[in-house]
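Novice: 3D, please:
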Amino acid sequence: MHKNYKEKNRSNEEGLLISKIEDKINYAKIKNKITYTDFLNIIEKSKVEKFLKLNEFKNYFFFGGNENSERGIYLFYPDKLDEKMVRNNLNKILSIIEIENSKEENYEHRVYLSGLMKLGIKREKIGDIIVKNNGADIVVFKENSEYIENGLKLLTRFRKSKIQIKELKDLEKKEIEYEEMSIIVPSIRLDCFVSELARCSRKKAEEYIELGKVFVNSIQELKTSKKLNVGEIITIRGSGKYIFYKIIKETSKNKFVIEIRKYK
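Specialist: As a prediction, this is how the structure comes out:
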């Protein structure tokens with residue numbers, strides 16, 4: 001009974017999400033205007049992406065500040081516009097809250113998120129929190145930026161910090177850092193990769209996949225036997241994000257030595 005409730009609840013949440021997406025698309029078509037969603041996480045993004053591809057809708061893109069954003073918004077636009085024209089309007093929709101702390105204060109991601117939650121800001125109104133040396137860049141909706149800026153300045157933890165609103169172009173582009181590693185798998189199947197990357201049994205890896213905890217190229221993948229290709233990105237919730245970088249060699253026992261790059 002508990003399982004059925006969870007499945008029903010998950011179905012209702014997905015139905016509500018897709019219903020909101022349909023409303024955004026229809027508004028863009030009827031009103032000839034740009035529309036956009038709240039910030040979505042990787043699970044929500046996966047469900048929306050599947051829906052849009054299934055319905056062959058073309059006038060949209062996902063954006064969160066940079067190409068590697070974990071959280072972002074979907075923007076929909078009418079036929080009279082193209083993607084380049086919409087991207088030129090992003091500064092009217094999103095802003096950056098830049099926090100510069102004093103030298104002795106070096107906070108983790110959770111500290112910034114906790115501060116935002118104290119202001120009563122819902123998680124879906126906040127994009128990525130990009131932690132830097134002695135500070136962070138936070139992607140927010142422009143309409144909320146002044147409220148967030150002023151609110152953070154009143155929090156005890158940030159009273160010595162310099163907090164200001166900046167434009168998207170000022171978002172610091174952090175170079176992606178990887179940890180190189182190698183794994184040995186009997187097959188290029190997804191469950192084999194998950195077993196090695198999450199350091200668990202094949203049976204447990206299958207459970208992770210079937211429970212929707214594994215994503216390939218940001219799309220939730222429920223098929224344990226899916227064959228992977230070089231260059232694909234595997235995300236395992238609770239374990240990390242990895243790139244299938246290359247096949248180093250095939251062993252005499254018909255196993256594959258794989259080079260993996262894990263996002264730091």
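Novice: residues touching the closest residue to I243 other than its chain neighbours, list them.
Specialist: Excluding the flanking residues, the one nearest I243 by Cβ to Cβ, 6 or more residues apart in numbering is R261, at 4.4 Å. Yep, even glycine has a C-beta here, placed from its N, CA and C like the rest. Contacts for R261 were tallied using Cβ atoms under 8 Å, 6 or more residues apart in numbering; they are 178-181, 242-243, 245.
Novice: Could you rerun that using 10 Å?
Specialist: Residues in contact with R261, defined by Cβ atoms under 10 Å, 6 or more residues apart in numbering, are 176-181, 233, 241-246.
Novice: Could I have the buried ones of those as ChimeraX selection syntax?
Specialist: To isolate the buried members of the contacts of R261 in ChimeraX, using 16 or more other Cβ atoms under 10 Å:
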select :233,241,242,243,244,245
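Novice: which of the contacts of R261 lies closest to K29?
Specialist: Looking at the contacts of R261 and their distance to K29, the nearest is I233, at 32.0 Å (Cβ to Cβ).
Novice: From L155, how far out is the closest one?
Specialist: In this view, I233 and L155 are 36 Å apart by Cβ to Cβ, to the nearest Å.
Novice: And for K255?
Specialist: Distance, K255 to L155, using Cβ to Cβ: 53 Å.
Novice: Could you count how many residues lie near E108?
Specialist: The number of residues packed near E108 is 11, by other Cβ atoms under 10 Å.
Novice: tell me the pLDDT at it?
Specialist: Taken from the predicted model, the pLDDT recorded for E108 is 92.
Novice: Please apply the same query to the one 5 residues further on.
Specialist: Note on L113: pLDDT of 96.
Novice: what do you get for K132?
Specialist: Reported pLDDT for K132: 88.
Novice: Kindly report the same for E67.
Specialist: The model reports E67 with a pLDDT of 77.
Novice: Please give the element, helix or strand, for it.
Specialist: In this structure, E67 sits in neither a helix nor a strand according to DSSP states H and E.
Novice: Low-confidence stretches in the protein?
Specialist: 1-11 (pLDDT under 70).
Novice: And the helices in it?
Specialist: 2-31, 42-54, 83-87, 109-118, 142-154, 190-197, 202-210 (DSSP state H).
Novice: Output the ones you listed as JSON lines; include the columns mean neighbour count and distance to K223.
Specialist: Below are the helices of the chain laid out as JSON lines (neighbours: other Cβ atoms under 10 Å; distance: least, Cβ to Cβ, whole Å):
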{"stretch": "helix 2-31", "mean neighbour count": "12", "distance to K223": "18"}
{"stretch": "helix 42-54", "mean neighbour count": "17", "distance to K223": "13"}
{"stretch": "helix 83-87", "mean neighbour count": "13", "distance to K223": "31"}
{"stretch": "helix 109-118", "mean neighbour count": "16", "distance to K223": "32"}
{"stretch": "helix 142-154", "mean neighbour count": "16", "distance to K223": "39"}
{"stretch": "helix 190-197", "mean neighbour count": "23", "distance to K223": "7"}
{"stretch": "helix 202-210", "mean neighbour count": "17", "distance to K223": "7"}
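Novice: these two touch, right, K262 and G240?
Specialist: Yes: with contact defined as Cβ atoms under 10 Å, K262 counts as touching G240 (5.5 Å).
Novice: residue ranges for the strands of the stretch 151-264 of the chain, please.
Specialist: According to DSSP state E, counting those that start in this stretch, the stretch 151-264 of the chain carries its strands in the segments 162-166, 178-185, 214-216, 219-220, 233-236, 240-250, 256-263.
Novice: contacts for the longest one?
Specialist: Under the criterion Cβ under 10 Å, 6+ apart, residues 42, 68, 70, 176, 178-185, 188, 193-194, 196-198, 215-216, 218, 228-236, 255-264 lie in contact with strand 240-250.
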